[in-house]
Each structure stands twice: as C-alpha cells, then as structure tokens.
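**Q** coordinates for the following, if possible.
(2 chains)
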Amino acid sequence: MGVGKRVRLSRILDPSDGRGLVVAADHGLMLGPIKGVIDLESTLRKVIEGGPDAILVSPGQARRLRHLFAGKGAPAMLVRVDWTNAFRDKTYTLPARGIEFCRVANVKDAVKLGASGVVTYLFVGFDGEDEHASMVEEFAEECRLWDMPLIVEPLPMGPKVTKANYVDMVKKAVRKAVELGADLLKAPYTGDPYSFSEVVKDASGVPVLVLGGYRAKSLRDSLEVISEILEAGASGIVFGRNVVQHPNPSEAVRLMRAIIHEGKTVADIVKSRLKPPLRLRVNPDSCTGCLICLSACSFAHEGVFQPAKARLRIDYDEEKHSYRPYVCILCGSCVKACPTGALTIDPETGGLRLTAELCDGCGACVEACPVKVVKLSDGKPLICDLCGGLPECVDWCPTGAIYLEGVGQG
Amino acid sequence: MVKAFFGIREGRFIDPSDSRGVLVDCTGELRLNLLVDKIGRERFKDIDGVIVYEDSVTDFLDLFLGKRAPGCVLRVGSRGSEEGAGREWAEKLVVNALRRDFSALIYRLTIGHEDERLDSSSMSAMTMLSTVCNEYELPLMAEVAPRGERVTRENYVDCVGLAARMAVEAGASVVAVPFLGDPEVFRKVVDAVKTPTFLIDPLCGYTLLKPRSSLQETVRSLLEAGLNGVILGPSLARSRNPDKLLADMLSIVHGGAGVGCR
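**A** This is a model prediction of the structure:
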C-alpha cells in the first residue's frame, strides 16, 4: 500500500486501535431532503462535536461544506462517488422500478478537495451486476493512480436476493469487493456475530466497517449492535440515520465513540446515564406474554430459570386476551411494614435492599405489597433491587413493554 | 492578520480557529530525525506543519499517521530540480504531492541575482507551480528569499517586499518572509500581500537582518503586526532547550501568551 493510502487511511481508522467511527451524511444524493440532512451544515456541526473519525458526504456537499473538515483533529472527509435509485422504496418520491446507478464524481475531484477516501456501492443480486462491478473497477484503478483509499459498500440488492441467501450474498459481495481492490469495506450486518465473523474472515484482512441501515429503535439498540460487530471482528461503523436523525447527534456519536475507541460496554454507558431515582414502568399494550422477563429475573438473582422466583409477574386477562406485567413500583409499603428494618431503599438506585441477617421471614412485606410482586422463598423475601441499576427484565424484554424511567434520552 | 481561506489542506498546517501556525523546517540544518530526538514524539504532534523532502515522509511514515499528525509541506526546488521548469515538471510534482497527501508545497523564490535570467527562472518556476497548484487545489507557500548579488543591506527590505508581492501575484496562497527589523516595516509587507504571512527562522543562513531580542519576543511583536505564524529551523536545532522553545512558540502563536509565560 502506498504512502498516500496509508496516511489517508490513518485518518479514518485511528492508528492507535485500528478502529473507525464514520458518520454517513450522503442520503440527500439518493433519497432527497430526508430528516436530519435538510440543514446538513447544522447537523454536521453537532455530529462533529461528538468526535467522529470521518464523515461521508456527496460531492456537492463536500465542496460546499469543506470548511467543516479543516483543522487538526477535524473528521476526515469521505466522498461518495456514485449514485443509485435503489434505496427509493415505496415510502419515497419516485420509487425505483429497477436498479439504476452512475458515477457522480471522479477520484481526482476527491483528491483536489482533500478527501481521505472515496465510497462506492457494489451491488450483487441484480441483472446489472457486471456493469456495476466494471464501474467499481474503474474507481479502483483511479484510486491506485491517486493513492486514494477505495471504500466499497458491498450490498445484496435486487430480485436474486432472498432472506434465505442473504448472508451468503453478503459474503459474496464482500469477497467481490476485495477482489476488485477495496481498501476498506462498508458492509451490512448479517444479524448475528457468528455469521458476521465469517464475513470478516472472507474480507481477507481488508478492514470491515458496518453500515447502520435503517434507523434503530433506540440508541441503546445501536450501541448493542456496535458491541456485537466489534466482537465479531469489525473495525468500526459507518452509521447514518442512527446519528443524523437522532435528537442529539453529538451525544449519539460520543456514546458510539466510547464503545469503539474507549473500550466501554453498553452496560457502562447505560449505568453512567442513570439518573436516580429509577423507576420500572410498563406498557401493557406491548406485552406479548413471552415471560422472558420472569426467566431473566430469576436467573439473574437465583441462578435458575424459574418464573416463580422472579421479582415481577405477568397476568393474563381472559376477557381482553391480553397480558399485563406487574413490576415493583417502589412505593415503600414493604419497607414501612418490615418490623426489623431488614428492608431499606438503596439511595444510589432507588431500588429495594435486603439486609438478610435482620430478616426474620415474617412475611409482612408480602402482605403489604400492593402489586403482589414480593414473595417469600426459603424464608426470605424476593424483592426488586433494580439489578443495581440495569434491570434484566428491561434488558431482555423484546418489545419494550417494561422500561426504565430515569435514564437519559435515547 | 490575514485570515486564510480554509480548505482541508490549509487547515492541516494553519489552525482554522485562529489562522495561525507553527511550522518546522526539516530540510536544512534541522532534519526530521534530529527534531524528533530533540523534542520527542508527543511534542511533535503539537506542531502545526513540518516542511520536509519527499523521502523523509517515507522514512518516518509513522510520524505522519493519524488526524493529529502535523501537516506535511513538501519542499520543492532546492535541489536544482526546477532547472528548465515547465508544466510537465510542475504537474509531476503536484500530482506526486497529492498522491502522497502532502498539505502544501513550499518553493523558495529568489531574486536579486546579477544574472537576471536566474530571477526569471525562479519566477517562471514559481508561476508554473502556482498555476498547476491552483488547478489541483494544492496550497503553494512561497518562501521569499532575496539572495542575489544585487541585494544589499540598504535595499533588502524593499527586495523582500517586491519578492513577496511577486509571489502573491504569481498565485502563492501563503508567503514566508525573513525578519525585516522594525515590526512596522513588517506590517507594510503584510498589508501589501494580503495573504497569510509567516516569519522565516531568523537564524536561517540567507536572512540578512537579525533580531536583537529573543525569538519569542520577536515573534510576539510581529504577531501584533499581522504575522500568521513562524517557520522554525536552525533556532530549534541550536537551542539548548528545543522542547521549551517549541512550547513557547506554540503558546505565543496560538495562545496569545506573552514571552516567558509558559
């Protein structure tokens, strides 16, 4: 690899850990003025506050907004050099009837702008696959000439892609991109760390960044995905809508950065954002009665998957055919009822705390609980301690029917 | 002080937040390996830009990796390569500099030779470089050096003013001028070029006037006269405490600090 490529790549992937956090902001080129990119300069200023390694922009915005990329420590500029209609589904104006693509800039233009990399798609799974590969090959040749890193986005796209063959198509696309000369990949997540680690292996040492795709349900979901993909061997992320459409883009980038570059876990981040007193809340309409929360709770506290030993309960309403979770509402009735002072409130989390040696197993707390989630087991009460601030029931609930109040936005 | 227009490359050696910079010239008495030995790798990262020959980057590539690395300015023409300089020569240089991601080129414009064809040759190379640099959007720094036989102590300041203006007219985006004595004289040159202006290290061999006060004091007074920054070289090489000198310079240039405040 030439000196130019190495120097430029070092602005995308931090040389100290080999990882990169890239924010994609080129959506306007493909999708028009979607939320988050309408006033792109203002959004990018917020994004930059969070400290991304690089930002992907369209050629027009690259020229218009290049002042944002000036200065030591400023994010590296990546320029999108191709266009496609393929992402305009039925929710957008002029939904795509077929897959079209073209180049919108050349590598020389990007070099002149001071960019540190160029980005192009590589679709597999449609009739124009060969033509698309030829275009990528041309970009690869230009990149070799200018010593500019080529970042290829290998994507299964088109009628030949099915749910059943998706992972194989991702692998095929990734390998094709590598063979065509990609220096860095922007690949989709296959959905599980095992299959994704195979994708990383297929990349034969070319670093893989994972794209964000559609907006995640919450920032926490995005952070969980980032943790998984790093574990699977990815070198970082290229997230777009999960950042630019977030209510607080700088905070989103900062938290992603904490995981990618600072070795923080999602649990570390969630804990650091807790604002006691915490409260468990329920949204009964979202509850499907899967009972995962009960298993998670009993396993976390007792080491067994035994719903009877959970510190919450789920009721089934036969008339409405619906489920309703009941969680500790931290009303303090059990604390007041306890004659020995064994039950107290934890000042850090606001959850209950049991001093076992003071408990005589009288059961007054069970009687006092208005939602009937306190129960006795082996003569001691099972009470909700909010798992020290990270309740397992919340963590495992697949629908968000149980959630925590007192945690920062996101 | 002239505010620079900031493209990405300019911003790698001039801080966009204050339009100022501290550059270190590693193509003369001070070489890159010597500089790193003297100041250490951590302090090296604080420098805004380093002037180097092409080979130095290859030999010390790890110093230039990462977003915090100093901008790299490529020295052109001091090895006689501009002889018969034409478009092909300039384009090859510029393209090669861009391939290796240099932040700018620096060319020494010399005037005042007895044989005026040498003035013409230097100006011609400068013009050709700036034409191609502008086409490729690569900043060009002109190091103004009246050093011919016709340059005297009496006409020195005027020669510097002339060469600086010639460089700007030819298309230089940044100029570097030698010490001119009185800050007011310096201010006149800056006003006349209306382009970001750096001070060449006063200990540099070809500067005719030498300051009586310390480098720190000199730079501080010239900043008030519109200076955008300083190019250090021999002063660092000869300093007993180069790390402190560099720290002082960074503090004075960027922090607006007075002399000896760091």
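
**Q** contacts only, for the closest residue to residue A:383 other than its chain neighbours.
**A** Once flanking residues are discounted, residue A:383 sits nearest to residue A:352: 4.2 Å by Cβ to Cβ, 6 or more residues apart in numbering or on different chains. No exception for glycine: its C-beta is placed from N, CA and C like everyone else's. The contact partners of residue A:352, by Cβ atoms under 8 Å, 6 or more residues apart in numbering or on different chains, come to A:328, A:330, A:334, A:335, A:343, A:344, A:345, A:346, A:383, A:384, A:385.

**Q** isn't the second one up against residue A:279?
**A** Yes - using Cβ atoms under 8 Å, residue A:330 is in contact with residue A:279, at 6.3 Å.

**Q** the two: who's more crowded?
**A** Comparing residue A:330 with residue A:279 by other Cβ atoms under 10 Å in any protein chain shown, the one with more neighbours is residue A:330, at 19 against 16.

**Q** for the stretch 101-250 of chain A, what lies in contact range of chain B?
**A** Residues of the stretch 101-250 of chain A lying near chain B by Cβ under 8 Å from any Cβ of the partner chain: A:111, A:112, A:113, A:114, A:115, A:116, A:145, A:146, A:147.

**Q** by neighbour count, which of the residues you listed wins?
**A** Of those, residue A:115 is surrounded by the most neighbours, 29 neighbours in total, counting by other Cβ under 10 Å.

**Q** where does it land on pLDDT?
**A** The model reports residue A:115 with a pLDDT of 96.

**Q** check residue B:6 too.
**A** At residue B:6, pLDDT is 68.

**Q** which single residue of the stretch 51-200 of chain B ends up nearest chain A?
**A** residue B:65 (3.7 Å; Cβ to the nearest Cβ).

**Q** that residue: neighbouring residues, count only.
**A** 18.

**Q** not counting residues beside it along the chain, what's closest to it?
**A** In space, residue B:65 is closest to residue A:10, 3.7 Å off (Cβ to Cβ, 6+ apart).

**Q** and the longest helix for the chain?
**A** Just going to use chain A. For chain A, the helix with the greatest residue count under DSSP state H is helix A:129-146.

**Q** wrong chain, I was asking about chain B
**A** helix B:116-136.

**Q** residues of stretch B:149-156 that come out buried?
**A** B:151, B:156 (16 or more other Cβ atoms under 10 Å in any protein chain shown).

**Q** how far away from the center of its chain is that stretch?
**A** 22 Å (Cα atoms, centre = their mean, to the nearest Å).

**Q** gap between the residue of the stretch 251-400 of chain A found nearest chain B and residue A:70?
**A** Closest residue of the stretch 251-400 of chain A to chain B, Cβ to the nearest Cβ: residue A:261 (12.2 Å). Distance, residue A:261 to residue A:70, using Cβ to Cβ, to the nearest Å: 22 Å.

**Q** the more surrounded of the two?
**A** residue A:70 (22 against 17).

**Q** who touches both of residue A:330 and residue A:279?
**A** residue A:350.

**Q** residue A:307 against residue A:291, yeah?
**A** Yes - here residue A:307 reaches residue A:291: they are 5.9 Å apart, a contact under Cβ under 8 Å.

**Q** contacts for the lowest-mean-pLDDT helix or strand in chain B, please.
**A** Comparing every helix and strand of chain B by mean pLDDT, DSSP states H and E singles out helix B:54-59 as the least confident one, with a mean of 85. Helix B:54-59 is contacted by residues A:3, A:7, B:26, B:31, B:32, B:64, B:72, B:74, B:96, B:100, B:102 when judged by Cβ under 8 Å, 6+ apart.

**Q** what does stretch B:27-35 give?
**A** With Cβ under 8 Å, 6+ apart, stretch B:27-35 has contacts from B:24, B:26, B:44, B:50-53, B:56, B:59-60, B:63, B:75, B:78, B:204-205, B:232-234, B:236-238.

**Q** select only the buried ones of the residues you listed in PyMOL?
**A** Buried residues within those, by 16+ other Cβ under 10 Å, are selected in PyMOL with:
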select buried, chain B and resi 24+26+44+50+51+52+53+56+60+63+75+204+232+233+234+236+237
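
**Q** in helices, which of the contacts of stretch B:27-35 appear?
**A** B:44, B:56, B:59, B:234, B:236, B:237, B:238.

**Q** nearest to residue A:302, out of those residues: which one, please.
**A** residue B:44 (57.0 Å; Cβ to Cβ).

**Q** pretty sure the closest one contacts residue B:63?
**A** Yes - with contact defined as Cβ under 8 Å, residue B:44 and residue B:63 form a contacting pair (6.3 Å).

**Q** low pLDDT regions in chain B?
**A** Scanning chain B with the threshold set as pLDDT under 70 gives B:2-6, B:78-84, B:256-262.

**Q** in contact with the most centrally placed residue in chain B: list those residues for me.
**A** In chain B, the residue lying closest to the centroid (Cα atoms, centre = their mean) is residue B:176, at 4.8 Å. Residue B:176 sits next to B:106, B:141, B:142, B:143, B:144, B:197, B:198, B:199, B:200, B:231 when contact means Cβ under 8 Å, 6+ apart.

**Q** for burial, what's the neighbour tally of residue B:37?
**A** Neighbourhood size, residue B:37 [other Cβ under 10 Å]: 10.

**Q** ramachandran angles for it?
**A** Backbone torsions for residue B:37, taken as degrees, to the nearest 10, come to phi -60, psi -40.

**Q** and the contacts of stretch A:160-180?
**A** Residues contacting stretch A:160-180 (Cβ under 8 Å, 6+ apart): A:122-126, A:133, A:136-137, A:140, A:152, A:154-156, A:185, A:187-188, A:190-191, A:195, A:198-199, A:202-204, A:206, A:208.
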